Structure formats: C-alpha cells, structure tokens
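[1] quick one, structure for this:
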Amino acid sequence: MKHTPSDPQFEPKVRKSFQNQPMMKTFEATLTKVEPGGVEIVLPYRSQLTQQHGFLHAGAVATCLDNACGYAALSLAPSGKEVLTVEYKVNFLSPAKGTQLIARGHVTKAGKNLSVCHANAYINNNNQEKLVATMLATIIAVDKHKY
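    As a prediction, this is how the structure comes out:
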C-alpha cells in the first residue's frame, strides 16, 4: 500500500527516534530502511539475546516487531507527534536461529490517532529468509511532550 507522509521530514524523525532508543542500542539493532508507512530493522544474532535452547528469545523477537510497527506508524505521524503501542498480538511460527533477524513493519491503516500496523520477522540463514513470527499492532499518535 502506498502512503503519503504528513511530515516531509519523516525519515530523519524516525531515524533520530530510533537512535535515541536505549533498547535498540542494547540489542545492537539497526534501522536499515525507512519509507512512508514502512521500516526494516535488523538484529544481529547474539547469544546474549537467546533463550536456553540457543534460539533468539521470543521477547527479543517481539520487541523488534513492536518497534517495526511503531516506527512504521511514526513515519506517517504529523510533525510534533510521537507514537506508543496500544496493543499487539504476535504469532511465533518457528524458532529463530540464524545470522540475523529482519523485522519489516508496515502500516495497514493509518488513522488520525490510531493506526493498525503489521510486521513480519524473518531469520536469515545463508542469505535465505525464513518467516519466524508475525505481529498485528495498534499504535496511537500522541503529542510529543504529553508524556
């Protein structure tokens, strides 16, 4: 779906917000793509982010999906607005073990205050992507200095 951002400075706004987020720094994740209504986040596989069987922890996967949805929504938010997650549902489809996790988030329906977004997480193994999780999220736009 093609979206038109209301803020012409959407890309630097999204990138700055991502750079300022401690969780993504802790995860050593990178924001590799920003477009109107869509983003891509890459998380390198690290043993510190795994569970007891060596798979990326579900919490790490969900965090990347949540961020992908949130930043996709932020790309369409007006200037002076930030976004927060209202709710999400995640389905884990397969264990996540590979060289990196790729989370791609997209706005399904943008609203004035609430946006519905979806994201898919893929594990990369030898340059082949495998879908490992999917998320449906509701994101709210709030005044930047409200919280």
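[2] measure residue 109 to residue 72 for me?
    Noted for residue 109: a distance of 12 Å to residue 72, by Cβ to Cβ, to the nearest Å. Just so you know, the C-beta spots here come from the backbone N, C-alpha and C atoms, and that holds for glycine as well.
[3] elements contacting the lengthiest helix in the chain?
    Counting by DSSP state H, the longest helix found in the chain is helix 58-74. With contacts defined as 3 or more Cβ pairs under 8 Å, 6 or more residues apart in numbering; DSSP states H and E, the packing partners of helix 58-74 are helix 10-19, helix 22-27, strand 38-44, strand 81-92, strand 100-109, strand 114-125, strand 128-143.
[4] okay, buried residues for that helix please.
    60-74 (16 or more other Cβ atoms under 10 Å).
[5] same thing with stretch 95-114?
    Buried-residue list, stretch 95-114, by 16+ other Cβ under 10 Å: 95-98, 100-107, 110.
[6] may I have the distance across that stretch, first residue to last?
    Using Cα to Cα, to the nearest Å, the end-to-end distance of stretch 95-114 comes to 31 Å.
[7] and that stretch, how far out from the chain's middle?
    Centroid displacement of stretch 95-114 relative to its chain, using Cα atoms, centre = their mean, to the nearest Å, is 5 Å.
[8] so that it lines up with my notes, have the first residue be 711 from now on.
    Done: numbering now begins at 711, and the last item shifts to stretch 805-824.
[9] please work out the average pLDDT along that stretch.
    For stretch 805-824, mean pLDDT is 97.
[10] how close does the residue nearest to the spatial centre of the chain sit to residue 790?
    The residue lying closest to the centre of the chain (Cα atoms, centre = their mean) is residue 778, at 1.1 Å. Here the distance between residue 778 and residue 790 works out to 23 Å (Cβ to Cβ).
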